[in-house]
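[1] Got a predicted structure plus its sequence, pasted below:
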Amino acid sequence: MRSTEPGVLPQSDVFFSTPTATAKRLYFYPVSAGHFFCENGYHLVREDYGSLLVTHILSGTFTFVKDGRPISAHAGETVLLDCYRPHEYFTETRFESVWAHVCGANSYELFREIESTQGNLLRCRDAQRVEKLLFRLHDVLRGGAPASEADMSLDIYKLFYELLHPVGTSGGRREAHEDELHALRQYIFEHLDEPLSVDALARRVHMSASHFSKVFKRETGFSPYEYVLTARLNKAKDLLQNTDFSVFDIALETGFNSESNFICFFTDHVGVSPGRFRKLQF
């Protein structure tokens, strides 16, 4: 259907969707989607729209207000906004965008993770894929490309995946980070029985501890501390299942300073003791 909002040009359209009870319970789902062409005079101020907005800017300038401060997005950038709360956006010139309001599943938790680490204005590594996914949702709601709710849920998940992996740094430097961190992950795996502090790991890749922690979290989804503990836990599981090493020896092999600390950590994170885990049949 055509939008009649002030500042929205006639070639714009918007379509709506009503999820089933199953979709509300299990899936990500769209609430509405559109392809907008807007000019000066478009200005939306709204208290609540019960969803998250993902809008990808195709041309022009889209401005949203965050904590009282206007932030502008340009062609190739994507904006992710919390529309469960009061929100405002506008243009002082013009813009073209493809957008969708989405919710369901753990969408709000994903939003909070993206906002806390990347903010609301994102430049994704694959902007064309973001555009394609949003247009696919738009076309499904328009009725031109039928899809199941499970298919739409998967597309929205793919969209969140892209938003979780923005460009962040220049392409060449990012590739260097990826190579460095790949080698570092291998180093961690081979030295789990040694102290692996954040400072020591940062020095291996010639970064400050704070910058290293940020880059590592962005690339792996884990903080360095979480990654080391998870690697130790995974190695301990493997040793318990595939060797006859004692629990004491496994504690030493995986970098714990005592058998009791290892047992407590393992039990807290796995839900069973190392001895009980060893007896489980997989």
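    Yep, that arrived.
[2] what are the ranges of the helices in the stretch 51-200 of the chain?
    107-118, 127-142, 149-163, 171-190, 198-204 (DSSP state H, counting those that start in this stretch).
[3] among those helices, which is nearest I57?
    helix 127-142 (9.5 Å; CB to CB). The C-beta positions use only the backbone N, C-alpha and C, and glycine is treated the same way.
[4] pLDDT (mean, whole number) over that closest one?
    The pLDDT scores in helix 127-142 average 94.
[5] next one: it to chain centre, how far?
    Computed by CA atoms, centre = their mean, to the nearest Å, the chain-centroid distance of helix 127-142 equals 18 Å.
[6] one step back: worst mean pLDDT among the helices of the stretch 51-200 of the chain?
    Taking the mean pLDDT of the helices of the stretch 51-200 of the chain, helix 171-190 comes last: a mean of 76.
[7] Can you mark which positions in that one are buried?
    Buried residues in helix 171-190, counted by 16 or more other CB atoms under 10 Å: 174, 177, 180-181, 184, 188.
[8] Can you dump the C-alpha atoms of it in PDB for me?
    What follows is helix 171-190 as a C-alpha-only set of coordinates in PDB (Å, rounded to 0.1, in the frame of the first residue of the first chain):
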ATOM      1  CA  GLY A 171      39.200  -3.700   5.200                       C
ATOM      2  CA  GLY A 172      43.000  -4.300   5.100                       C
ATOM      3  CA  ARG A 173      43.400  -3.800   8.800                       C
ATOM      4  CA  ARG A 174      40.500  -6.000   9.500                       C
ATOM      5  CA  GLU A 175      42.000  -8.800   7.500                       C
ATOM      6  CA  ALA A 176      45.200  -8.400   9.400                       C
ATOM      7  CA  HIS A 177      43.200  -8.700  12.700                       C
ATOM      8  CA  GLU A 178      41.600 -11.800  11.400                       C
ATOM      9  CA  ASP A 179      44.900 -13.400  10.600                       C
ATOM     10  CA  GLU A 180      46.400 -12.300  13.900                       C
ATOM     11  CA  LEU A 181      43.500 -13.600  15.900                       C
ATOM     12  CA  HIS A 182      43.400 -16.900  14.100                       C
ATOM     13  CA  ALA A 183      47.000 -17.500  15.000                       C
ATOM     14  CA  LEU A 184      46.300 -16.400  18.600                       C
ATOM     15  CA  ARG A 185      43.400 -18.800  19.000                       C
ATOM     16  CA  GLN A 186      45.800 -21.600  17.900                       C
ATOM     17  CA  TYR A 187      48.300 -20.400  20.400                       C
ATOM     18  CA  ILE A 188      45.700 -20.400  23.200                       C
ATOM     19  CA  PHE A 189      44.700 -23.900  22.400                       C
ATOM     20  CA  GLU A 190      48.300 -25.100  22.500                       C
END
